[in-house]
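Q: Fold the stuff below for me.
(2 chains)
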Protein chains: 2
Amino acid sequence: LPNFKFILAYDGTGLVGWQRQASGVSVQGLLEEVLGALDGRPVAVAGAGRTDAGVHALGQVASAWLDRDIGGAQLVRALNARLPPAVRVLEAIETAAIFHPRFDARSKTYRYRIWNDRVMSPFERAYAWHVAVPLLDVEAMSAAAALVRGHHDFAAFQAAGTRAATTERVMFASAFLADRAPASAVRPALITYEICGSGFLRCMVRNIVGTLVEVGRGKRRPRWVSDVLASRDRGAAGQTAPAAGLFLVRVEYEQALVGPAELAAER
Amino acid sequence: LPNFKFILAYDGTGLVGWQRQASGVSVQGLLEEVLGALDGRPVAVAGAGRTDAGVHALGQVASAWLDRDIGGAQLVRALNARLPPAVRVLEAIETAAIFHPRFDARSKTYRYRIWNDRVMSPFERAYAWHVAVPLLDVEAMSAAAALVRGHHDFAAFQAAGTRAATTERVMFASAFLADRAPASAVRPALITYEICGSGFLRCMVRNIVGTLVEVGRGKRRPRWVSDVLASRDRGAAGQTAPAAGLFLVRVEYEQALVGPAELAAER
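A: Numbers count the residues shown, from 1 in each chain, chains lettered A, B, ... in the order given. Sure, this is the predicted structure:
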């Protein structure tokens, strides 16, 4: 059977997350339903990252074995015609038989958006965390964000009640994005954080962001983040930032696992 | 009675537009309700631009006479606590007694967003027009957009069935915004158009955009826009672009009508 790799974008508002649940609408559930109907038999879909309820994706990666021999562009059209508009298939590519979206991922990039203004934008309600006051100290937050880079034990940032086999991960990047708006005397309300790592524990990005915001509020010094990491204690970190601000941006793989169509696209 | 000027942002999705209607939720209706409750008597609210159903605003301007002597920041908080999150009061400033948001407007700026990609972004469903194919010729559209600048009779771009006292208006700017995304080999899917003018006829921006997209599709030459203007015939222009892509960005006034707080903010 040919193995297909899918790249997906979804608005997580109102969804129970990536993973199929006993009740509620999940992205995995929607895809398995639609692919099963297309293929005329039950289809199992694997995903790269288990995004939680309300978390969004710009480039989630999934895979499934399909019986039907169907071209990539045609498959994209057929799936999008059947999926709700909140979930879109951006690409469908036949890939290596051994490809698995989670086990083969080399790194994942997440983005977190904060709206730091007295009044929340009506357009950001479902896509950012509203931190009304004070004006966050982005310079201090940037210094704190840099301390997360590298090889660490992230046990302090793991959701309470979960336990991964190992809590060590490597972060390749952790930074606030420079303002890309046109030059303006007014400080923009939108603050964007990006983190790229070898893997993430449950709620890890949201717990890191909650901790960085404590620094941004001036309640803690940037170096406190290193103390939190060293503590390996969830109780030492800041609050869990809301799901709505979080986006899974992309998942990166080894070149050997990239399909021919993708190699052509990368040029 | 003190005259208050309000700056508002709203997500027009699901609203019947600015103007109070016999049924449905309007921005004017919401404001009159909330201000009336605050002031303890019926309050009439005037607006700068009558945005249609589904049209958004980043900086709509409104005004009302209030009996209660209430500070600007306190008024913003009180209104936002009572309004739905889709409608936000960004500023409330006591202004000149003679100020009227529509009659005194010197110019208005509208933005129109087009998502030009095979697959619609799940995050742009309510905020852009999905033009799936072909890839629009933005250079030709820019040449066509420039022909709208200046003093013209815009009768050809007025909604069918409406009739303004005069259909002559002056457009100060009409252009597609340069891509502000980071350098990338991939052409961005989002195309943004901005137009600033002395005033606008009903559906005028959406009819201009529909006409520019005809040029972008390669069906017409840019100079066709001048023929459409000269015709003064609505039937000569392109289709009306969907409401969801349209944003009222800001309304400009003479300095003399700007309140002291605003002058301070402009520095």
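
Q: rest of the way, CA atoms for contacts and neighbours
A: Will do.

Q: So which residues on chain A come close to chain B?
A: A:9-11, A:85-90, A:119-123, A:125, A:180-181 (C-alpha under 8 Å from any C-alpha of the partner chain).

Q: Could you rerun that using 7 Å?
A: Proximity of chain A to chain B, by C-alpha under 7 Å from any C-alpha of the partner chain, involves residues A:9-11, A:85-88, A:90, A:119, A:122-123.

Q: and the gap between the closest residue to chain B within the stretch 101-250 of chain A and residue B:130?
A: Closest approach between the stretch 101-250 of chain A and chain B, counting by C-alpha to the nearest C-alpha: residue A:122, at 4.8 Å. Look at residue A:122 and residue B:130: by C-alpha to C-alpha, to the nearest Å, they are 21 Å apart.

Q: where along chain A do the strands fall?
A: Applying DSSP state E to chain A gives strands spanning A:3-10, A:46-47, A:56-65, A:87-95, A:105-115, A:129-130, A:150-153, A:168-176, A:190-197, A:246-253.

Q: OK, contacts around the residue of the stretch 101-250 of chain A closest to chain B?
A: B:9-11, B:85-88 (C-alpha atoms under 7 Å, 6 or more residues apart in numbering or on different chains).

Q: give me that answer again for 6 Å
A: Counting by C-alpha atoms under 6 Å, 6 or more residues apart in numbering or on different chains, residue A:122 makes contact with B:10-11, B:86.

Q: Out of these, which comes closest to chain A?
A: The closest of the contacts of residue A:122, once distances to chain A are taken by C-alpha to the nearest C-alpha, is residue B:86, at 4.8 Å.

Q: gap between the closest residue to that closest one other than its chain neighbours and residue B:109?
A: Of all residues not flanking residue B:86 in the chain, residue A:122 sits nearest, at 4.8 Å (C-alpha to C-alpha, 6 or more residues apart in numbering or on different chains). Distance, residue A:122 to residue B:109, by C-alpha to C-alpha: 19 Å.

Q: next one: residue A:207
A: Distance, residue A:207 to residue B:109, using C-alpha to C-alpha: 41 Å.

Q: ok, how many other residues are close to residue A:98?
A: 9 (other C-alpha atoms under 10 Å in any protein chain shown).

Q: Okay, it and residue B:89: tell me how far apart.
A: 54 Å.

Q: do the same with residue A:191
A: To residue B:89, residue A:191 is 21 Å away according to C-alpha to C-alpha.

Q: These two: who's more crowded?
A: Under the criterion of other C-alpha under 10 Å, the comparison of residue A:191 against residue B:89 puts residue B:89 first, with 25 against 19.

Q: Check what pLDDT the nearest residue to the more buried one once chain neighbours are set aside gets.
A: The shortest distance from residue B:89 to any non-neighbouring residue, by C-alpha to C-alpha, 6+ apart, is to residue B:8 (4.6 Å). With respect to pLDDT, residue B:8 scores 97.

Q: Residue B:8 contacts residue B:90, correct?
A: Yes - in this structure, residue B:8 is within contact of residue B:90 by C-alpha atoms under 6 Å, at 5.5 Å.

Q: pLDDT score for residue A:161?
A: For residue A:161, the predicted pLDDT is 80.

Q: Tell me which residues of stretch A:234-245 come out buried.
A: For stretch A:234-245, a neighbour-count test (16 or more other C-alpha atoms under 10 Å in any protein chain shown) marks A:234, A:236-245 as buried.

Q: Dump that stretch to CSV, keeping only the CA atoms.
A: Output of stretch A:234-245 as CSV, limited to C-alpha atoms (Å, rounded to 0.1, in the frame of the first residue of the first chain):
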residue,chain,number,x,y,z
ARG,A,234,6.3,21.7,37.8
GLY,A,235,5.3,23.8,40.8
ALA,A,236,8.4,26.1,40.3
ALA,A,237,7.3,27.3,36.9
GLY,A,238,4.7,29.9,35.8
GLN,A,239,1.1,29.3,34.9
THR,A,240,0.1,27.4,31.7
ALA,A,241,-0.6,29.9,29.0
PRO,A,242,-4.0,29.5,27.2
ALA,A,243,-4.3,27.1,24.3
ALA,A,244,-5.7,29.7,21.9
GLY,A,245,-2.3,31.5,21.4
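
Q: Distance from the chain centre to it, please.
A: 15 Å (C-alpha atoms, centre = their mean, to the nearest Å).
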